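# below is the sequence, then the predicted model.
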Amino acid sequence: MKLYGYLASPYVARTLLTARWKGCGLELTPPHGGSIKSPEYLAVNPLGKMPALEDGGRCLAESTVICEYIDETQSGRKLMPEDAMDRAQARLLARLVDTYAAPNAGALARNANPAIRNDAEVQGSLAAIRKALGDIEKFMGEGPWAGGARPGFADAVMAPSFWSLQLMASLYGVSDLLDGLPKLGRWMQAVDADPVSGSLRKEYEQAFRAFLASKKK
Ligand SMILES: N[C@@H](CCC(=O)N[C@@H](CS)C(=O)NCC(=O)O)C(=O)O
């Protein structure tokens with residue numbers, strides 16, 4: 001099994017977090033030809049996005065699909081809940097992040113340079129992110145993890161997206177996106193305190209900052 005992409009992508013980081021929580025030792029491989037738009041990589045993932053996963057000569061795209069595949073095929077504790085409603089709830093949280101929160105990251109990234117910043121677009125994106133996080137808060141249980149006592153699929157999907165949104169929001173002076181959201185605040189404390197997700201967050205933030213610095217050159 002081979003996982004392609006760079007850690008600075010939250011979509012890649014969630015698949016790596018899944019692999020690490022499973023304890024399966026899956027490492028990241030840079031995209032074929034050094035780019036997600038190279039003909040070699042497009043042959044693996046025609047979407048030209050990361051991550052992609054190759055296994056047994058076949059390829060998968062889309063991070064949540066890859067997370068589920070890793071969970072189903074690798075040994076170790078199942079990250080997807082046993083109960084059908086709990087499973088649906090985990091997929092729902094993942095869907096809410098991907099549909100309503102994460103898509104706003106693009107506008108924050110685009111406006112990082114103050115010289116060519118569109119303030120209205122930035123404020124609109126921050127408001128949309130806050131609205132999405134407020135909605136996600138309403139679907140969180142008592143925690144501390146999304147599914148209760150232990151980390152699972154929803155946590156693996158959500159955590160890197162929250163890291164990325166927080167890093168981007170901090171470019172605009174927003175120091176805590178989860179302010180006023182007690183369930184998500186407790187959840188993030190659990191994510192930071194967990195040895196696997198806590199240490200991946202540090203690696204992720206380093207990779208993200210290196211990516212931003214490379215864009216400035
Ligand atoms: N829905 C996709 C999103 C993946 C995605 O957008 N990845 C970004 C990196 S953060 C990417 O590859 N962007 C390149 C592009 O869209 O051209 C997933 O969950 O895997």
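Received the coordinates, thanks.
# contact partners of stretch 174-193?
126, 129-130, 133-134, 136-137, 140-146, 151, 155, 159, 162, 165-166, 169, 197-198, 201 (CB atoms under 8 Å, 6 or more residues apart in numbering). (C-beta placed from N, C-alpha, C; glycine too.)
# sort out for me which of these are in helices.
Using DSSP state H, 126, 129-130, 133-134, 136-137, 155, 159, 162, 165-166, 169, 197-198, 201 are the members of those that sit in helices.
# Gly25 sits in which helix or strand?
Using DSSP states H and E, Gly25 falls within no helix or strand.
# where does it land on pLDDT?
Here the pLDDT value assigned to Gly25 is 90.
# same check, this time on Val97
Looking at Val97, the pLDDT reads 98.
# so what's it up against?
Ala132, Ile136, Val157, Met158, Ser161, Phe162.
# so which residues on this structure come close to the ligand?
Contacts of the chain with the ligand, taken as CB under 6 Å from any ligand atom, map to Ser9, Tyr11, Ile36, Gly48, Lys49, Met50, Glu62, Ser63, Thr64.
# thought the fourth one was touching Ile36?
Just to be clear, that refers to Gly48. Yes - counting by CB atoms under 8 Å, Gly48 touches Ile36, with 5.3 Å between them.
# which of the two has more residues huddled nearby?
Ile36 (22 against 14; other CB atoms under 10 Å).
# now do the contacts for the more buried one.
Ile36 sits in contact with Gly5, Asn45, Gly48, Lys49, Met50, where contact means CB under 8 Å, 6+ apart.
# check for me that the third one belongs to a helix.
No - counting by DSSP: H, G, I helix; E, B strand; the rest coil, Gly48 is not part of a helix but coil.
# that one and Gly76, how far apart?
Separation of Gly48 from Gly76 (CB to CB, to the nearest Å): 31 Å.
# state the pLDDT value of the residue of the chain most remote from its centre.
What lies farthest from the middle of the chain is Ala115; by CA atoms, centre = their mean that is 28.7 Å. On the pLDDT scale, Ala115 is placed at 93.
# same question, Leu212
pLDDT at Leu212 comes out at 86.
# go on, Lys217?
66.
# which parts of this protein are strands?
Ranges of strands within the chain are 2-4, 28-29, 52-55, 58-61, based on DSSP state E.
# which of those strands sits most buried?
strand 52-55 (a mean of 20; mean count of other CB atoms under 10 Å).
# quick one: the closest residue in space to Gly198 that isn't next to it in sequence and Glu205, what's the gap?
Counting by CB to CB, 6 or more residues apart in numbering, the nearest residue to Gly198 once its immediate chain neighbours are dropped is Asp192, at 5.1 Å. For Asp192, the distance to Glu205 equals 11 Å [CB to CB].
# check contacts around Val122.
The neighbours of Val122, taking CB under 8 Å, 6+ apart as the test, are Ala107, Leu108, Asn111, Tyr172.
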